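**Q** only the shape, not the letters, is given here:
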């Protein structure tokens, strides 16, 4: 948790800092790009899993345990939780539109994406459990968001850079049920010509209503390939 907080804080500082300006011999400016297509390789971390969804589902404080045959237990010791699966690796596709173009300086960015959600399988034992098992599989998130990008693209195939910060909402769809979500995302990367590589961090809250109203938080960290034109 401390590492995640420090990472997000350092990312925010980097995003708020203006990019380094690169001079060119011929004084040319990079042409504006209006669309970026992306493909992500994600590794998703859970955040405060004992609070969300476990305390939402069980209705009382839950603590993580070690050296047991289960993973979590309620504070009164009457109910236990065995997390059988929380998949970490997923992929995503997306597109970012720059209505005013992206070349140098700050511009508006509108982004849509489809990304995988982690498969979750848990079993419960005890009187506080609303069900004996909980399963979410084959989940997909359909997100739309807007924010700002600060870019310093170089003309031709020169090396450029950019950073972005945005937020938005989405729909979560799984084999078992659908839900809603909202998120904040930040990151940045380097570009050469139309090609680029980004690193992004996305903090998302996913809300569902079955068997009771609950949510879980995910932090997908992505390596992102980009194609801009």
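**A** Structure received. Remember, predicted model here, so these are calculated numbers, not experimental data.

**Q** can you list the weak-confidence ranges in the chain?
**A** 1-27 (pLDDT under 70).

**Q** how about the helices in this protein?
**A** 2-16, 56-58 (DSSP state H).

**Q** ranges for the strands of the protein?
**A** 33-47, 62-64, 72-74, 80-86, 89-102, 104-116, 120-125, 133-136, 140-152, 159-173, 178-192, 195-208, 214-228 (DSSP state E).

**Q** what about residue 114, neighbour count?
**A** Other residues within reach of residue 114 by the criterion other CB atoms under 10 Å amount to 15. From N, CA and C alone the C-beta is placed, and that goes for glycine too.

**Q** rebuild the strands of the chain as TSV, extending it with distance to residue 55.
**A** Rendered in TSV, the data for those read as follows (distance: least, CB to CB, whole Å):
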stretch	distance to residue 55
strand 33-47	13
strand 62-64	5
strand 72-74	9
strand 80-86	11
strand 89-102	25
strand 104-116	25
strand 120-125	13
strand 133-136	13
strand 140-152	23
strand 159-173	20
strand 178-192	18
strand 195-208	15
strand 214-228	9
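
**Q** excluding chain neighbours, what is closest to residue 188?
**A** Nearest non-adjacent residue to residue 188, counting by CB to CB, 6 or more residues apart in numbering: residue 163, 3.4 Å away.

**Q** give the burial count for the one you found, as a bare number.
**A** 22.

**Q** please name the bridge partners of it.
**A** When bridges are assigned using DSSP bridges, the partners listed for residue 163 are residue 150, residue 188.

**Q** look up how far residue 66 lies from it.
**A** Applying CB to CB, to the nearest Å, one obtains 39 Å for the distance of residue 163 from residue 66.

**Q** who's in contact with the spatially most central residue of the chain?
**A** Centroid check for the chain by CA atoms, centre = their mean gives residue 202 as the closest residue, at 2.7 Å. Taking CB atoms under 8 Å, 6 or more residues apart in numbering as the contact definition, residue 202 lies against 183-185, 218-220, 222.

**Q** try it again at 6 Å.
**A** Counting by CB atoms under 6 Å, 6 or more residues apart in numbering, residue 202 touches 183, 185, 220.

**Q** same thing with residue 94?
**A** Contacts of residue 94 were listed using CB under 6 Å, 6+ apart, and they are 38, 113.

**Q** among the strands of the chain, which is nearest residue 53?
**A** For the strands of the chain, distance to residue 53 was read as CB to CB. The smallest value, 4.2 Å, belongs to strand 214-228.

**Q** roughly how far is the closest one from the heart of the chain?
**A** On the basis of CA atoms, centre = their mean, to the nearest Å, strand 214-228 sits 3 Å off its chain's mean C-alpha point.

**Q** and that strand, what's buried?
**A** Buried residues in strand 214-228, counted by 16 or more other CB atoms under 10 Å: 214-222, 224, 226, 228.

**Q** check stretch 144-151 too.
**A** Buried residues in stretch 144-151, counted by 16+ other CB under 10 Å: 145, 147, 149-151.

**Q** likewise for stretch 71-79?
**A** Of the residues in stretch 71-79, 71-74, 79 count as buried by neighbour count, 16+ other CB under 10 Å.
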